[in-house]
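Q: 3D model of this:
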Amino acid sequence: MRFLKMFFGLSFSLFAAFAAQERPSRVDIVSQPAGANIYVDGKNAGTAPITLHALPKGMHHVRAIKDNFEQYDTFFEVLEGAYLQVECPLILEKGLLLLTTEPEGCQIELNGLSIGQTPKLITHLPVGKSFCFEFSKVGYKSKKIEIPIKNRVPVSKHEVLVQDSGSLEVLSEPA
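A: Predicted coordinates:
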């Protein structure tokens, strides 16, 4: 009987000690597209996709940063022994471009498609790329230019078109 008491007492002590230990949690952080730099609670955690095991229980802040994409921030809660996947959908940053010409009212084509007339503010071009624009107007020589959109800083481009035709009035005496 004494052996049973000792056995159950020891078993209960081991069970209590095991139950008191925190079970590790797992947090997978992914970014769309992959490759974003991930910061958890302000500290660099690495590049997504990444798996973290040592985060303490509670609320945490995650920030995903990738060139040419808008920064993404979110919060998540770590529970003891839980598995959590945090997704960071990144939105491609758009550039700002103002196109003006002399004369005004020139047709603008982007990749062969008409996008309107000058002056024109364009807000939908993804950064990190170059775009080929063509300006045209009756009586003027058309002009093609390539404009790189490097970042979110607004770009203003003014082009002068050259007349390619004219008119000639001839007066004579006698008529």
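
Q: can you map out the strands along the protein?
A: In the chain, strands defined by DSSP state E lie at 26-32, 37-40, 43-47, 50-52, 58-65, 72-78, 83-89, 94-102, 107-110, 113-117, 120-126, 129-136, 143-149, 155-160, listed in chain order.

Q: would you format the ones you listed as CSV with distance to G166 and mean pLDDT included?
A: C-beta: built from backbone N, CA, C; applies to glycine. Shown next, in CSV, are the strands of the chain (distance: least, Cβ to Cβ, whole Å; pLDDT from 0 to 100):
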stretch, distance to G166, mean pLDDT
strand 26-32, 56, 95
strand 37-40, 58, 97
strand 43-47, 61, 96
strand 50-52, 66, 95
strand 58-65, 55, 96
strand 72-78, 56, 95
strand 83-89, 56, 95
strand 94-102, 17, 94
strand 107-110, 20, 96
strand 113-117, 22, 95
strand 120-126, 27, 93
strand 129-136, 17, 95
strand 143-149, 18, 95
strand 155-160, 16, 95
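
Q: how about CSV for those, with distance to E169 added?
A: Output for these, formatted as CSV (distance: least, Cβ to Cβ, whole Å):
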stretch, distance to E169
strand 26-32, 65
strand 37-40, 68
strand 43-47, 71
strand 50-52, 75
strand 58-65, 64
strand 72-78, 65
strand 83-89, 64
strand 94-102, 24
strand 107-110, 28
strand 113-117, 29
strand 120-126, 35
strand 129-136, 26
strand 143-149, 28
strand 155-160, 25
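
Q: let me have those strands in CSV, extended by mean neighbour count.
A: Listed next are the strands of the chain as CSV, based on neighbours: other Cβ atoms under 10 Å:
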stretch, mean neighbour count
strand 26-32, 18
strand 37-40, 19
strand 43-47, 13
strand 50-52, 16
strand 58-65, 16
strand 72-78, 14
strand 83-89, 15
strand 94-102, 18
strand 107-110, 17
strand 113-117, 12
strand 120-126, 14
strand 129-136, 16
strand 143-149, 14
strand 155-160, 13
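
Q: bridged to the residue positioned nearest the centre of the chain, which residues?
A: The centroid of the chain falls nearest to F69 when counting by Cα atoms, centre = their mean (1.9 Å). Beta bridges link F69 to L92, judged by DSSP bridges.

Q: check L98 too.
A: On the basis of DSSP bridges, L98 is bridged to L121, S156.

Q: contacts only, for K157.
A: Contact analysis of K157 by Cβ atoms under 8 Å, 6 or more residues apart in numbering lists 97-100, 145, 147.

Q: and with 7 Å instead?
A: Taking Cβ atoms under 7 Å, 6 or more residues apart in numbering as the contact definition, K157 lies against 97, 99, 147.

Q: who touches the second one in this structure?
A: So the one you mean is L99. Contacts for L99 (Cβ under 7 Å, 6+ apart) come out as 108, 118-120, 122, 133, 157.
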